[in-house]
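> With the input below, show me the fold.
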Amino acid sequence: MSDVYAVQLDDGRTVAVKARPDATGRTRSCTEAQLLLAEQGFWCARPLTPAIVEDGRAVHAEEWVPGGVIMLGDGPDVASAFAQLFADVMARLQHIRVRPPLPNPSWVGWDHDGPTAWPPAAFLDERDSSTLPSFIEDVAHRVRHRLRAADLPSVIGHADWETQNLRWSGRRIHVVHDWDSLAYQPEAALVGAASGAFASNAVPTLAPIASSRAFLEAYQSGRGRSFDDAETEVAWAASLYPATHNARGQCLFEQPPVAVTALQDQADERLSLAGA
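Coordinates of the predicted model:
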């Protein structure tokens, strides 16, 4: 997780300084992509420095962009608004050439090399997992198997497309935050993950199935092309993986089981749609 500081400079400007763990240098790619998006006029803070990585820590400064409000709700209309904007940013990112920001964030890290359902994460792995319901790990394994079997090219995309990271002015976007969370996965998988997670705010959740469907339809309309059957299955599979990650965390830290309950209610139908 990032530490974020507001700093007032001698010339009167207020900037944000972000510091976060980074053992691989992936933050450099994220910051480069963010800068190129800002130069295109996309609604994100413009980085003012490159990411400096030293002793496993990455630091950079960017514009401070206050204001805007969170768009709450998990209905199809909110899903469509989030999806249309996601189509815009994915179209822009396809023309940006930076080194892939690997490894991927853990909540979309189904491509890790180990045998476990989720990639290693010390803050979770050190917890007592004896109370973790077995269905959560089972769903994660089935989803991971389906996603790893996909033969689709990877692209760069925002992997934390959640309510908490976007600020709006009415129905117009004001700013998108959290560019540390770029990932390198198939387009359909990134869209699917966003379709399940978009409604997450203070507490991570899984959107209703009808809203995920509306998200996928609005995204394809925005991109001007339809997913084929394989891409559609990958999208539905990826919609579940962040939810398993969040449900696991809610159990291990004894938090309200919001994602757990949603996963329990929806997993069977989503797995069927995913061919998993």
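
> could you list every residue that touches Ala276?
Arg142, Val143, His145, Arg146, Glu233, Ala237 (C-beta atoms under 8 Å, 6 or more residues apart in numbering). Backbone N, C-alpha and C define where each C-beta goes, glycine included.

> These into TSV, with extra columns for secondary structure?
TSV is the format used below for the contacts of Ala276 (DSSP: H, G, I helix; E, B strand; the rest coil):
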residue	secondary structure
Arg142	helix
Val143	helix
His145	helix
Arg146	helix
Glu233	helix
Ala237	helix
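
> Count the residues that sit near the residue lying closest to Arg167 once chain neighbours are set aside.
Once flanking residues are discounted, Arg167 sits nearest to Gly68: 2.7 Å by C-beta to C-beta, 6 or more residues apart in numbering. Neighbour count of Gly68, defined by other C-beta atoms under 10 Å: 18.

> gap between Gly68 and Arg28?
27 Å (C-beta to C-beta, to the nearest Å).

> roughly how far apart are the residue lying closest to Ala150 once chain neighbours are set aside and Leu216?
Nearest residue to Ala150, sequence neighbours excluded (C-beta to C-beta, 6+ apart): Val234, at 4.9 Å. From Val234 across to Leu216, the span is 11 Å (C-beta to C-beta).

> the more surrounded of the two?
Ranked by neighbour count (other C-beta under 10 Å), Val234 and Leu216 place Val234 first, with 29 against 23.

> In this structure the more buried one contacts Leu147, no?
Yes - between Val234 and Leu147 there is a contact under C-beta atoms under 8 Å: 6.4 Å.

> any shared contact partners between the two?
Counting by C-beta under 8 Å, 6+ apart, the residues touching both Val234 and Leu147 are Ala189.

> check contacts around Leu85.
Leu166, Ile173, Val176.

> Quick check: nearest residue in space to the first one, chain neighbours excluded?
Same thing as Leu166. Val176 (5.4 Å).

> Burial check on that neighbour, number of neighbours?
If we define neighbours as other C-beta under 10 Å, then Val176 has 22 of them.

> before we move on, what about Ile96?
16.

> in what helix or strand does it lie?
Under the criterion DSSP states H and E, no helix or strand holds Ile96.

> So the residue nearest to Leu166 sits against Thr163, correct?
No - using C-beta under 8 Å as the test, Val176 is too far from Thr163 to be in contact (11.5 Å).

> show me the contacts for Pro242.
Counted by C-beta under 8 Å, 6+ apart, Pro242 has contacts Trp107, Val108, Ala193, Gly196, Ala197, Pro204.

> now the helices for this protein?
Ranges of helices in the chain, per DSSP state H, are 26-39, 76-93, 122-125, 134-148, 187-197, 209-223, 229-252, 258-274.

> list the contacts for the closest residue to Ile70 other than its chain neighbours?
Once flanking residues are discounted, Ile70 sits nearest to Thr163: 5.7 Å by C-beta to C-beta, 6+ apart. For Thr163, the contact set (C-beta under 8 Å, 6+ apart) comprises Ile70, Met71, Leu72, Phe82, Phe198, Ala199, Ser200, Asn201.

> what's the distance between the closest residue to the second one other than its chain neighbours and Asp74?
Nearest residue to Met71 in three dimensions, chain neighbours excluded: Trp168, at 4.8 Å (C-beta to C-beta, 6+ apart). Using C-beta to C-beta, one obtains 15 Å as the distance from Trp168 to Asp74.

> likewise Arg57?
36 Å.

> which of those two has more neighbours?
Each of Arg57 and Asp74 has its neighbours counted (other C-beta under 10 Å); Asp74 has more, 19 against 14.

> Could you check how far the more buried one is from Leu206?
Taking C-beta to C-beta, one finds Asp74 at 9 Å from Leu206.

> again with Trp107
Relative to Leu206, and taking C-beta to C-beta, Trp107 is found at 12 Å.

> Could you name every residue contacting both of these two?
Asn246.

> Show me which of those two is the more surrounded one.
With neighbours defined as other C-beta under 10 Å, Trp107 and Leu206 compare such that Leu206 has more, 31 against 24.

> Dihedrals phi and psi, that one?
Dihedral pair for Leu206: phi -120, psi 120, per degrees, to the nearest 10.

> Begin at 38, not 1, for the rest of this chat.
All set: I'll call the first residue 38, so the last point we hit is now Leu243.
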